[in-house]
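Q: Need coordinates for the following:
(one chain, ligands or ions: 1)
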Amino acid sequence: MNEYDTDKMLKVLQGDNYTYTEKTDDADLIILNTCSVREKAEQKVYSLLGRLRPLKDKNPNLVIGVGGCVAQQEGRNILDRAKTVDMVFGTDNLFDLPEMLEDVRQGNRVLQTERKAYKQKVRNFIPDFTFENTSTPGVKSYLSITKGCNNFCTFCIVPTTRGLEVSREPENILLEAQSLVSQGTKEICLLGQNVNSYRANGMDFVDLLYHLNEIQGLERIRFTSPHPKDFNEDLANALKNLDSVCEQLHLPLQAGSDQVLRRMKRRYTLAQYLEKVDLLRAKVPHATISTDMIVGFPGETDADFQKTLEAIEQVRFNQIYAFKFSIRPGTPAGNYDGQVEEAVKVERLRTLLETQERIVKDIQNELMGSEQEVLVEGAYPREPESRAGRSRGHHSVVIRNTDAKVGDLLKVRITGAKKYSLEAEPMVA
Ligand code: SF4
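A: Numbering: from 1, shown residues only. This next block holds a predicted model:
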């Protein structure tokens, strides 16, 4: 989501006559787009701001801005603590950058964290978005369809930093998707904190997928993250029936114990989650499934953790994004009894990753000799005749002996595996 927002900021700024530079020393404007999902986010922001101070001393006209979730949360504190900062803006305010910068040029320090109506903002943005003079989007692009979340899981800061859930108008989403495809995008990943609860102008998430599937030249559609409670048969059918929708699902489980899931306020039990997995696999037997897991949630016992291990053995996820629980200030779980000792969390994370590594090896072995379609995303370092890409199941694949170009869709045969990727040879037609 932050990558997507950063891209939007770049486009807004290009429309305001800024150009992008890789060199911090050359910049007239530096924006830190911050994220508070991971631990110690504010400290990291202040430490980076400290490191930028010498640049400001050298170039007093340098403008420094802080945007994103930490800015939304901290607001004025950032202006008070970091005197080098000229503007602080929230997650809804990136489209106001030109006005904020004008304000800074007038000698003011700017704070803009007001919540804005998503629909209004997007409607205003679309005419600018289709301008031709911006950088070409990649072969893979993100597209935000909802923002915010109404779920209030007890460990999560998102509903505070990004606000309540709002769905974007389908007309604007389809326009943006068409614009991306006309500029070379082959794969779009739809973004939302709870992407499958999308609903706007009488259209739900599955309706939207059907419309996107009609776009000529859009070869692949993915989405992240769906909430298990909103995964239903219609969505499983869309994964089965729509050519562009990849047979891949990221379905966050978070824990295998019902006691822990209840305290997390995840709104499903393990059995209900497993029913969704069965539903998908009944329709699309070769679908890949990845997940998010938290270990060491307050009150998690050894027996609870054992249930997490059993769950991952049962589902056989292709990939797990696993984290130790850490407190987000202002979230209920931060005040829960039963905080788990750090050493226990470390050990549980190690055990989980070890178990998962074994499962991934087994899955990779099963894929040996199989045919896959890979979207070529780029060169492979130090091997001129190799290319890197992703299969429809989102496996990272290195293809040997090919001169394929970025954006090509290649049929390959899997010939080997490394820890984080598969190796393949092109299939001869
Ligand atoms: S559904 Fe996701 S974004 Fe929403 S509160 Fe829960 S963890 Fe956070």
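Q: Name the residues of the stretch 51-200 of the chain found near the ligand, please.
A: C149, N151, F152, C153, C156, V158, P159, Q193, N194 (Cβ under 6 Å from any ligand atom). (Glycine included, C-beta is placed from N, CA and C.)
Q: any idea of the pLDDT on the second one?
A: Turning to N151, the model gives it a pLDDT of 94.
Q: Just give me the closest of the residues of the stretch 51-200 of the chain next to the ligand to A311.
A: C153 (17.6 Å; Cβ to Cβ).
Q: Contact partners for the closest one?
A: The contact partners of C153, taken as Cβ atoms under 8 Å, 6 or more residues apart in numbering, are Q254, M264, K265, R266.
Q: returning to that earlier point: only the buried subset of the residues of the stretch 51-200 of the chain next to the ligand, as a ChimeraX command please.
A: Selection of buried members from these for ChimeraX, criterion 16 or more other Cβ atoms under 10 Å:
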select :149,151,153,156,158,159,193,194
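Q: Please enumerate the strands of the stretch 301-429 of the chain.
A: Taking DSSP state E, counting those that start in this stretch, the strands of the stretch 301-429 of the chain run over residues 319-324, 371-380, 383-391, 396-399, 409-417, 422-426.
Q: do you know which of those strands lies nearest P170?
A: Nearest to P170, of those and by Cβ to Cβ, is strand 371-380 at 25.4 Å.
Q: Which strands or helices does that closest one pack on?
A: Strand 371-380 is packed against strand 383-391, strand 396-399, strand 409-417, strand 422-426, with contacts defined by 3 or more Cβ pairs under 8 Å, 6 or more residues apart in numbering; DSSP states H and E.
Q: Let's have these in a markdown table, adding mean pLDDT, distance to A311 and mean neighbour count.
A: Output for the helices and strands packed on strand 371-380, formatted as a markdown table (pLDDT from 0 to 100; distance: least, Cβ to Cβ, whole Å; neighbours: other Cβ atoms under 10 Å):
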| stretch | mean pLDDT | distance to A311 | mean neighbour count |
| --- | --- | --- | --- |
| strand 383-391 | 95 | 25 | 18 |
| strand 396-399 | 97 | 24 | 21 |
| strand 409-417 | 97 | 24 | 17 |
| strand 422-426 | 97 | 25 | 20 |
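Q: pLDDT weak spots in the stretch 51-200 of the chain?
A: Counting by pLDDT under 70, the stretch 51-200 of the chain contains low-confidence ranges at 117-137.
Q: Could you check which residue of the stretch 201-350 of the chain lies nearest the ligand?
A: Residue nearest to the ligand within the stretch 201-350 of the chain: H227 (5.4 Å; Cβ to the nearest ligand atom).
Q: How about that residue: what's its closest non-neighbour residue?
A: Excluding its sequence neighbours, the residue lying closest to H227 (Cβ to Cβ, 6 or more residues apart in numbering) is N194, at 4.7 Å.
Q: and that neighbour, backbone torsions?
A: phi -140, psi 70 (degrees, to the nearest 10).
Q: ditto for the one 3 residues further on
A: Listed backbone geometry of S197 is phi -100, psi 10, with angles given as degrees, to the nearest 10.
Q: residue contacts, it?
A: Neighbour list for S197: T146, N150, E165, F205, H227, D230 [criterion: Cβ under 8 Å, 6+ apart].
Q: Now the buried members of the residues you listed.
A: Here, 16+ other Cβ under 10 Å leaves T146, E165, F205, H227, D230 buried among the contacts of S197.
Q: JSON lines for the residues you listed, including secondary structure?
A: What follows is the buried ones among the contacts of S197, written out as JSON lines (DSSP: H, G, I helix; E, B strand; the rest coil):
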{"residue": "T146", "secondary structure": "strand"}
{"residue": "E165", "secondary structure": "coil"}
{"residue": "F205", "secondary structure": "helix"}
{"residue": "H227", "secondary structure": "coil"}
{"residue": "D230", "secondary structure": "helix"}
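Q: Name the pair among those with the greatest separation in space.
A: Longest span within the buried ones among the contacts of S197, Cβ to Cβ: E165 and F205, 12.2 Å.
Q: If any of the contacts of C153 are buried, give me the PyMOL selection for them.
A: PyMOL command restricting the contacts of C153 to the buried ones, with burial defined by 16+ other Cβ under 10 Å:
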select buried, resi 254+264+266
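Q: tell me which residues of the lengthiest helix in the chain are tucked away?
A: What stands out as the longest helix in the chain, according to DSSP state H, is helix 342-367. If you call a residue buried by 16+ other Cβ under 10 Å, then helix 342-367 has these buried ones: K345, R348, L349, L352, T355, Q356, I359, V360, I363, Q364, L367.
Q: State the distance from the fourth one to the ligand.
A: Read it as L352. 18 Å (Cβ to the nearest ligand atom, to the nearest Å).
Q: And the pLDDT at that residue?
A: At L352, pLDDT is 98.
Q: I'd assumed K307 was in contact with it.
A: No. The criterion here is Cβ atoms under 8 Å, and L352 misses it with K307 at 11.9 Å.
Q: Common neighbours of the two, please.
A: If you check L352 and K307 against Cβ under 8 Å, 6+ apart, no residue is contacted by both.
Q: do you know which of the strands of the stretch 301-429 of the chain lies nearest the ligand?
A: The closest of the strands of the stretch 301-429 of the chain to the ligand is strand 319-324. By Cβ to the nearest ligand atom, the value is 11.4 Å.
Q: For the closest one, which outside residues touch it?
A: Under Cβ under 8 Å, 6+ apart, the answer for strand 319-324 is 290-296, 312, 342, 345-346, 348-349, 352-353, 356, 360, 394.
Q: about what we covered before: now the contacts of C153 as JSON lines including pLDDT?
A: Formatted as JSON lines, those follow (pLDDT from 0 to 100):
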{"residue": "Q254", "pLDDT": "98"}
{"residue": "M264", "pLDDT": "98"}
{"residue": "K265", "pLDDT": "97"}
{"residue": "R266", "pLDDT": "97"}
